[in-house]
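Asks: model the structure of this input:
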Amino acid sequence: MPARLTRRLLPLTALAAASALVLSACAPSAGGESDGAELVWSIEGANLSAGHMDPQVSQLDVSGMVQRAVLDSLVFQEDDGSFSPWLATKWEVSPDSTEYTFTLRDDVTFTDGEKFDAAAVKANFDRIVDPETESAQAASMLGADFYKGTEVVDDYTVKVSFTQPYAPFLQAASTPQLGFYSPKVLKESADKLKAGGPGITVGTGPFELTEYTPDQEIVYTRNDDYAWGPGTDGAKAPKFETLRVEIQPEASVRTGVVESGESDLTSNVPPNLVDGLDESITVDSVEYPGLPYSLYLNEKYGVFADEKVREAFSRGIDIDAAVEEIYFGQFPRAWSVLGSTTPGYDASLEGSWPFDQDAANSLLDEAGWTARDADGIRMKDGKRLSVRWIAWTPIPDDRKALANAIQSDLKKIGFEVVREELEPGAYNEQYGPKAFDLTDWGFSGVDPDFLRNHLHTDGFQNASQVSDPALDALLDQAVGTTDQSTRNQLYTEVQQWNAQHVAIVPLYSPSAITAVGERVKGLDYDLYGRPLFYDVSVG
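Replies: Take a look at the predicted model:
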């Protein structure tokens with residue numbers, strides 16, 4: 001019989017409050033009693049060994065997902081949008097949102113014995129923005145060029161300043177990307193944090209990383225002294241002793257081990273495998289907020305410089321049919337560069353650019369691609385209408401199927417798409433100089449400021465090479481505005497800009513699907529569907 005599929009579609013008000021990788025608003029654990037139980041968690045994790053064990057540097061969600069066990073944050077964001085204490089007991093924000101002053105707990109230690117204090121906060125934040133660290137996402141979350149500096153006011157008071165109002169900072173300060181490593185590690189082993197490992201990945205968190213075999217497993221052991229978790233009372237040490245994270249890129253393997261009992265839960269289950277799971281397995285699904293899985297059209301490289309070609313590309317793909325068939329109705333088709341569960345989502349865009357091959361053909365004719373070669377591919381000035389799509393490996397089967405559907409649809413209008421599946425190193429060689437026509441990814445996040453990274457002229461994830469002063473002005477105004485209704489209106493204009501100019505083609509909004517075995521009790525999730533272990537017991 002099919003497994004139970006719990007569709008956890010959270011309300012927009014809750015998502016507006018969520019942190020990007022928060023620990024959840026579940027009740028804190030009561031203590032560290034345990035019979036030495038071990039919980040086994042199977043994850044995809046294929047690229048962790050390629051220098052992605054450090055959330056302060058890596059842009060991969062999985063990095064923050066697993067290292068949250070080690071890295072605590074200054075504040076915790078509740079479901080109602082408020083912030084509650086974590087490593088900071090209280091904080092003050094200046095009226096213009098340029099200064100954030102935190103009073104820190106005075107009883108926190110890193111698992112190597114180092115003291116957590118204001119100097120530790122400064123050391124971590126300064127490390128993130130140091131150009132030699134080569135941080136992208138975390139540095140952006142810390143304000144990037146807006147970051148003025150961190151001042152140690154006294155041992156347990158720290159002030160973080162920005163050169164202009166920076167509204168997203170408290171939300172950013174609740175994430176593992178801005179979590180804290182031991183100052184000793186930063187002094188002696190900062191160059192090893194990307195690779196990670198015991199004695200290197202050292203934080204104040206509920207677990208200590210005690211074993212690491214790249215591409216195989218990460219073992220976290222309970223921090224028995226932990227008493228400063230999120231919430232007003234401070235969550236205590238976990239109820240089980242060992243969290244064993246098994247790295248298993250093949251989805252069929254991950255579902256197999258949870259059914260056999262070799263693992264207690266598995267993440268990132270593809271929709272096509274859900275119905276085949278045993279009835280004893282509970283399946284939970286949570287739709288991600290953020291930027292949907294999308295195609296990024298490089299308008300500075302080739303044929304996508306023509307807006308009519310970009311629009312024809314987007315209208316020539318039967319996205320609804322492909323998403324419905326490949327994802328079994330579990331993932332909604334996307335209409336905007338914000339997912340439907342993301343604050344500021346513009347619902348008016350739904351249905352505004354439906355599949356229409358006649359319209360696509362007309363646009364290509366208008367753009368001058370009127371001739372055809374022997375293969376039926378359109379020609380102009382002796383050149384084929386052909387684009388190159390670079391894709392980062394490993395690639396799950398569902399996205400391969402989606403790519404095949406896209407190529408097939410576009411070929412019908414004489415538009416050739418050549419797809420290259422590249423190992424990370426080869427991908428980066430082309431991504432750096434932007435020597436490609438299109439690429440693909442999704443990006444989870446709560447605060448729409450992540451659109452600045454993707455669409456601003458200076459955005460570090462601006463794969464489309466967009467450069468529009470009017471769009472830059474909207475994004476710059478939004479990041480410095482504290483009034484939420486004003487910010488929502490600004491991000492509505494950003495979404496409508498993309499709908500008109502087609503720099504990014506959104507395809508679908510994915511969900512985190514987790515399969516859970518019978519031994520696990522008390523499991524909860526953050527609003528991204530990432531497992532939370534504070535109240536978990538293993539039976």
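
Asks: how near is the residue lying farthest from the centre of the chain to Val417?
Replies: Among the C-alpha atoms of the chain, the one most distant from their mean position (Cα atoms, centre = their mean) is that of Ala374, at 43.2 Å. Using Cβ to Cβ, to the nearest Å, Ala374 is found at 18 Å from Val417. Any C-beta I mention is one placed from the backbone N, CA and C, and that applies to glycine too.

Asks: likewise Lys411?
Replies: Separation of Lys411 from Val417 (Cβ to Cβ) stands at 8 Å.

Asks: so what does the residue nearest to the spatial centre of the chain look like in phi/psi?
Replies: Nearest to the geometric centre of the chain sits Ser444, at 3.5 Å (Cα atoms, centre = their mean). Backbone geometry at Ser444, expressed as degrees, to the nearest 10, gives phi -80, psi 140.

Asks: just the pLDDT at it, thanks.
Replies: We have a pLDDT of 86 for Ser444.

Asks: beta partners of it?
Replies: Ser444 has these beta-bridge partners by DSSP bridges: Gly290.

Asks: ok, it - contacts?
Replies: Contacts for Ser444 were tallied using Cβ atoms under 8 Å, 6 or more residues apart in numbering; they are 20, 61, 288-291, 528.

Asks: again with Asp409
Replies: Contacts of Asp409 by Cβ under 8 Å, 6+ apart are 316-318, 322, 357.

Asks: mind listing what's buried in the helix or strand that it is a member of?
Replies: With elements taken from DSSP states H and E, the one containing Asp409 is helix 397-411. Of all the residues in helix 397-411, those buried under the rule 16 or more other Cβ atoms under 10 Å are 398-399, 402-403, 405-407, 409-410.

Asks: any chance of those residues in a markdown table, plus pLDDT and distance to Gly276?
Replies: Formatted as a markdown table, these follow (pLDDT from 0 to 100; distance: Cβ to Cβ, whole Å):
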| residue | pLDDT | distance to Gly276 |
| --- | --- | --- |
| Asp398 | 90 | 15 |
| Arg399 | 94 | 20 |
| Leu402 | 97 | 20 |
| Ala403 | 98 | 24 |
| Ala405 | 98 | 22 |
| Ile406 | 98 | 26 |
| Gln407 | 98 | 28 |
| Asp409 | 98 | 29 |
| Leu410 | 98 | 32 |
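
Asks: turn those into a markdown table, including distance to Phe146.
Replies: Compiled in a markdown table, those are given as follows (distance: Cβ to Cβ, whole Å):
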| residue | distance to Phe146 |
| --- | --- |
| Asp398 | 38 |
| Arg399 | 35 |
| Leu402 | 37 |
| Ala403 | 37 |
| Ala405 | 41 |
| Ile406 | 38 |
| Gln407 | 41 |
| Asp409 | 42 |
| Leu410 | 40 |
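
Asks: tell me the one of the residues you listed nearest Gly302?
Replies: Leu410 (14.8 Å; Cβ to Cβ).

Asks: ok, the closest one to Phe313 distance?
Replies: From Leu410 to Phe313 the distance is 7 Å (Cβ to Cβ).

Asks: tell me the phi and psi of Phe83?
Replies: Dihedral angles for Phe83 - degrees, to the nearest 10 - are phi -110, psi 140.

Asks: ok, now which ones touch the closest residue to it other than its chain neighbours?
Replies: Distance criterion Cβ to Cβ, 6 or more residues apart in numbering; nearest residue to Phe83, sequence neighbours excluded, is Val75 at 4.5 Å. For Val75, the contact set (Cβ under 8 Å, 6+ apart) comprises 83-86, 88, 91, 170, 173-174.

Asks: of those, which is the nearest to Gln67?
Replies: Ser174 (14.7 Å).

Asks: I'd say that closest one and Leu74 touch.
Replies: Yes: at 7.4 Å, Ser174 counts as touching Leu74 under the criterion of Cβ atoms under 8 Å.

Asks: identify the contacts common to the two.
Replies: Trp86.
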